[in-house]
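In: following is a predicted model, sequence given first.
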Amino acid sequence: MSAISAVVMLALFLTSSPLLAQTSLSAASLKGALAPYDLRVEYLTNPLGVDTPQPRFFWKNRHSERGQSQTAFELIVSSSPSADTGDLWESGKMSGDSSIQIVYGGKPLASNRTYYWKLRIYDSEDKASPWSEVARFDTGLLSPSDWKGQWIGSDGLLRREFTLPEEPRRARAYIAGLGYYELHLNGRRVGNHVLDPGWTDYKKRVLYATYDVTRLLRQGKNVIGVMLGQGWYKSRALMFELYIEDASGKVTEIHSDTSWQTAPGPILEDSIYNGETYDARLEQPGWDRPDFAAAAGWHQASAVEAPGGVLSSQMMPAIQVIETIVPLTMTNPAPGVYVFDLGQNLSGWAQLRVSGPAGTDIRLRFSELLYDNGLINQENLRSARAEDHYILRGDGATEVWEPRFTYHGFRYIEVTGFPGTPRLDSLRGRVVHTAVSPAGNFSASTQILNDIQHLILWGQKTNLHSIPTDCCQRDERMGWMGDAQVTAEEAMMNYDMAAFYTNFLRNIRDEQAADGSITDTVPHIWGQRPADPAWGTAYPLIAWYMYQNYGDRRLIEDYYDSLKKYVEFLRSKAENGLLKYSYYGDWVAIEKCPGSLVSTFYYYYDTKVLADMARLINKTAEAQAYDKLAGDIKAAFNREFFDPKTRSYGPTQTANALPLFIGLATDKERGPAWSELFNDLVYEHDSHLTTGIIGTKYILDVLTSTGNSDLAYDILTRTDFPSYGYMLKNGATTLWEIWQKREGPSMNSHNHPMLGSIGAWFYRALAGINIAPDSAAYKKLVIKPQMVRDLTHASGSLSTINGEVGCAWSKGDCHVKLEAVIPVGSEALIYIPVFKLRNLQLTEGGTVVFADSQLKTSLPGIKSIEAKGGNLIIQVGSGRYAFKLTGE
Ligand code: BGC
């Protein structure tokens, strides 16, 4: 699949410049700044339930000319849908080139309201753009007293009937249903969230969802129905508020209390690991509609103990059914046993289509692996049973069923107990994960790189289940922080992760103890407190990546004290500048480097990042103090780990890569450490990694920064053990947990995203897209593709918070082509390698801009061109560029 699409993309690139076409302005006749687009509040499009008193606004700009930026904006927030005047906020013309993280500055916002907003911008010539379309946001319940309901328990189904004298003008439902809920109104399912709400430490925080239910309510009798599953809460509890406003503005409130009715439903068992059992004979048709004649078994719900956590709005994309996959094959490896192959390992479940006698029990079992005899192999799921049952209603009609309150990680589905012989379309695979939008595209002329990218994307997205999980199949699926931190940068390039990690960082802070320590997993179920420093580092590093990728300065301000407490906790555990405790270190490495080296590396990294954060928010004295601490750690690190006899940090790749990556090595150690690393990679291991998840994250960057991208390319194109190609050759469709091929009961998940950290290198090195070191949020870019070995083409595009960024290049015998897209307000340094070409000539859009070692024509957007260090370095402003370098 990816093979074909990559070929198509390459063909497109060579013929018609997809990068330029893809992002070119549809209405070429429009001049000047176009209306701002992609308006967001707190990273989300028209969100409901905003519970931040001063939400932030985001938009993107387009302009018909190059080299443009926003110089001012004018923003209106209104209670009226037309947003003609800003009764809440009229910003006036505010100068500034930022179109992100603009903090609301109007009147206090009230709970449960809808606000409308629009804006226009002024360009470099101070010309106004047209007004944007009107966007909106809804506030959530801003004060605890807005929640009037009680936490109630449930046998499975809950219902509440009420009467409305007239159709409502506006209605919002706020629901926190633990472990999982499904909300119905008048017989209709509300919204498309599944496995909702997101997983938190319920003692600290419970997330609620907000739904616009205006259209589902009617004059007369109405019924709210709620199904509850156990999820991670392992029990059932509901908190619910419905605010209904009539034409006169009068508000009726319905909330959860003991007047609600409850009864057992058709779900007999629901467990995340073990699966769901559903007996369709126990369905109660009409239970979620008015005039339902409650049968025996219905009784009043009772109040239950509150989970304990504060109620917060779920301000991130929900888990959803993202895609439906038709199986590739069905086999019949044993009598009555059918095995379906989806051709792709994924997270989710199966949808079943069947008709047959009432009471027939169909069993579905899920696996990532098959035995040679064609039967499913569930050994690597450990204690997770991963087994669903559907018991037929048997009314003659086709019954379509899928579970609600479980999920599996699988490629194969075994069906037994099917009445008759199933057909290929008796089952569909349902791909289920947090609905983050794709943000990146990468492709290259060497097919194995596209295939690795496929592993990374599927491994990444299918492990987003409201938190970043380690895996999605076995008895784990935890928010392991080490896995989260190594994958975060890759994830932020491939997906829009801003709201997701905002939520996750808050989950981490919720787990912080008074001594500043945090935990290996968040929410904390498995692992230890304090976290292994290579796991705990997720807290400062993901916060810092949020700043680097999304410019989230407010997050740094809000989290600074807590992050500082964390670094101070590390300091309290350090001995003479060394942090020695470590549980996992360079986890799953083939050649393991000492845990204390990894821990001290992160102690240094976290301290440096904290110093950078302090500088960012103008805490200069603290920045200096943490710089000083970092200096002390550096000295201790070199004293302890650099061995003057072997002239290295040790005999493993990771031991030498880590200090080189972060500048822990001084001039004295750098050369020897690099030689050791190079020898190990090239001569001892023939361009194979022996690193675990920590070393793997940094080693390719070290190779590129030392001018050895070709070696990184060699490593990534290997197909024998240990390599990504080895996984592919052995049928992987998602990344494995370990380099080894294992399929037994030991630790060997076949969908673990952590080794996918290298995905960031694809964009940075091969597509060449980098945020300049002194910049954030892609305001200043360095476009510097590594045109290595036999790679003839690579392209990458990123939908950044500031707009589209792209680079696509190809090289031939005597030419290099490079197309770049730079968003309005950004600037870039573009590096085009000249290889051994002489008599260089550079054209842009067909016009000669550089020849005879000098600038020939000045074109809009191009600020300078110079030949330096084997490159042509072109400084450009915003816009789209098509360069072609030729020579002899
Ligand atoms: C998980 C890992 C995790 C590790 C801690 C494993 O069981 O699946 O990915 O980080 O434990 O070492």
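Out: All right, it came through fine.
In: show me what the helix or strand hosting residue 602 is packed against.
Out: In the assignment (DSSP states H and E), residue 602 maps to helix 595-616. If contacts are counted by 3 or more C-beta pairs under 8 Å, 6 or more residues apart in numbering; DSSP states H and E, helix 595-616 sits against helix 533-536, helix 538-550, helix 553-573, helix 620-641, helix 653-662. Every residue, glycine included, has its C-beta placed from N, CA and C.
In: list the contacts of the shortest one.
Out: Looking back up the chat, that one is helix 533-536. Outside helix 533-536, the residues that touch it by C-beta atoms under 8 Å, 6 or more residues apart in numbering are 480-482, 485, 517-520, 527, 530, 566, 570, 579, 581-582, 584-587, 598-599, 602-603, 606, 694.
In: going through those residues, which ones are buried?
Out: The neighbour count (16 or more other C-beta atoms under 10 Å) marks 480-482, 485, 517-520, 527, 530, 566, 570, 579, 582, 584-587, 598-599, 602-603, 606, 694 as buried among the contacts of helix 533-536.
In: quick check: mean pLDDT of stretch 605-616?
Out: Averaging pLDDT along stretch 605-616 yields 98.
In: next one: residue 296, what pLDDT does it get?
Out: pLDDT, residue 296: 77.
In: what's near enough to touch it?
Out: Applying C-beta under 8 Å, 6+ apart, no residues qualify as near residue 296.
In: ok but it is inside a strand, no?
Out: No: under DSSP: H, G, I helix; E, B strand; the rest coil, residue 296 falls outside any strand and is assigned coil.
In: pick out the residue in the stretch 301-450 of the chain sitting closest to the ligand.
Out: Proximity to the ligand, evaluated over the stretch 301-450 of the chain using C-beta to the nearest ligand atom, is greatest for residue 382 at 9.7 Å.
In: what's near enough to touch that residue?
Out: When contacts are counted by C-beta under 8 Å, 6+ apart, residue 382 touches 474, 475, 476, 745.
In: who's in contact with the first one?
Out: Translated: residue 474. For residue 474, the contacting residues are 273, 380, 381, 382, 384, 409, 749, by C-beta under 8 Å, 6+ apart.
In: now with 7 Å, please.
Out: Residue 474 sits next to 380, 381, 382, 384, 749 when contact means C-beta atoms under 7 Å, 6 or more residues apart in numbering.
In: direction included, what does the lengthiest strand in the chain pair up with?
Out: Determined from DSSP state E, the single longest strand within the chain is strand 337-354. Strand pairing for strand 337-354, using DSSP bridges, gives strand 329-334 (antiparallel), strand 399-401 (antiparallel), strand 408-416 (antiparallel), strand 427-434 (antiparallel).
In: pick the most buried one from those strands.
Out: strand 408-416 (a mean of 25; mean count of other C-beta atoms under 10 Å).
In: so how far is that one from its chain's centroid?
Out: Offset of strand 408-416 from its chain centre (C-alpha atoms, centre = their mean, to the nearest Å): 25 Å.
In: now stretch 307-314
Out: Centroid separation for stretch 307-314 versus its chain: 22 Å, with C-alpha atoms, centre = their mean.
In: same check on stretch 640-659?
Out: Computed by C-alpha atoms, centre = their mean, the chain-centroid distance of stretch 640-659 equals 34 Å.
In: who in this protein is up against the ligand?
Out: With C-beta under 6 Å from any ligand atom as the criterion, the chain meets the ligand at residues 470, 471, 476, 480, 482, 483, 584, 587, 752, 754.
In: before we move on, back to that, what's the closest of the strands paired with strand 337-354 to residue 227?
Out: Nearest of the strands paired with strand 337-354 to residue 227, taken as C-beta to C-beta: strand 399-401 at 13.8 Å.
In: any chance of the helices and strands packed on helix 595-616 in a markdown table, plus mean pLDDT?
Out: As requested, the helices and strands packed on helix 595-616 are arranged in a markdown table below (pLDDT from 0 to 100):
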| stretch | mean pLDDT |
| --- | --- |
| helix 533-536 | 98 |
| helix 538-550 | 98 |
| helix 553-573 | 98 |
| helix 620-641 | 98 |
| helix 653-662 | 98 |
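In: between the ones you listed, which gets nearest to residue 229?
Out: With C-beta to C-beta as the criterion, residue 229 lies closest to helix 538-550 of those, at 28.5 Å.
In: name the surrounding residues that touch that closest one.
Out: With C-beta under 7 Å, 6+ apart as the test, helix 538-550 has contacts from 481, 484-485, 488-489, 492, 498, 501, 504-505, 508, 518, 552-553, 555-556, 559, 563, 566, 606, 609-610, 613, 616, 771, 776-777, 801.
In: how far out from the middle of the chain is it?
Out: Its chain's C-alpha centre and that of helix 538-550 lie 13 Å apart, by C-alpha atoms, centre = their mean.
In: export the helices and strands packed on helix 595-616 to CSV and append columns for distance to residue 189.
Out: Compiled in CSV, these are given as follows (distance: least, C-beta to C-beta, whole Å):
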stretch, distance to residue 189
helix 533-536, 38
helix 538-550, 33
helix 553-573, 34
helix 620-641, 51
helix 653-662, 49
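In: of all those, which one comes closest to residue 47?
Out: helix 538-550 (15.8 Å).
In: then the closest one to PDB, C-alphas only?
Out: What follows is helix 538-550, C-alpha atoms only, in PDB (Å, rounded to 0.1, in the frame of the first residue of the first chain):
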ATOM      1  CA  ALA A 538       8.900  13.300  29.800                       C
ATOM      2  CA  TYR A 539       7.600  16.000  32.000                       C
ATOM      3  CA  PRO A 540      10.200  18.800  31.200                       C
ATOM      4  CA  LEU A 541      10.900  17.500  27.700                       C
ATOM      5  CA  ILE A 542       7.400  17.300  26.400                       C
ATOM      6  CA  ALA A 543       6.700  20.700  28.000                       C
ATOM      7  CA  TRP A 544       9.700  22.100  26.100                       C
ATOM      8  CA  TYR A 545       8.700  20.400  22.900                       C
ATOM      9  CA  MET A 546       5.300  22.100  23.300                       C
ATOM     10  CA  TYR A 547       7.100  25.400  23.300                       C
ATOM     11  CA  GLN A 548       9.400  24.600  20.400                       C
ATOM     12  CA  ASN A 549       6.700  23.200  18.200                       C
ATOM     13  CA  TYR A 550       3.700  25.300  19.200                       C
END
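In: now that helix and helix 553-573, what's the angle there?
Out: Using axes from the mean of the first three to the mean of the last three C-alpha atoms, to 10 degrees, one finds that helix 538-550 and helix 553-573 are set 150 degrees apart in direction.
In: hey, what's the angle from helix 538-550 to helix 595-616? Just curious.
Out: For helix 538-550 against helix 595-616, the angle by the same axes, to 10 degrees is 50 degrees.
In: which two of the contacts of residue 474 have the greatest separation?
Out: Among the contacts of residue 474, 384 and 749 lie farthest apart (C-beta to C-beta), at 10.9 Å.
In: any shared contact partners between the two?
Out: Taking C-beta under 7 Å, 6+ apart as the contact rule, residue 384 and residue 749 both touch 473, 474.
In: okay, these two: which has more neighbours?
Out: Shown here are residue 384 and residue 749; by other C-beta atoms under 10 Å, residue 749 has more neighbours (27 against 21).
In: which helix or strand contains the more buried one?
Out: According to DSSP H and E, residue 749 maps onto no helix or strand at all.
In: and it, its phi and psi?
Out: phi -70, psi 140 (degrees, to the nearest 10).
In: look at it and report its pLDDT.
Out: Looking at residue 749, its pLDDT reads 98.
In: contacts only, for it.
Out: Neighbour list for residue 749: 380, 471, 473, 474, 737 [criterion: C-beta under 7 Å, 6+ apart].
In: and those, which is closest to the ligand?
Out: Looking at the contacts of residue 749 and their distance to the ligand, the nearest is residue 471, at 5.6 Å (C-beta to the nearest ligand atom).
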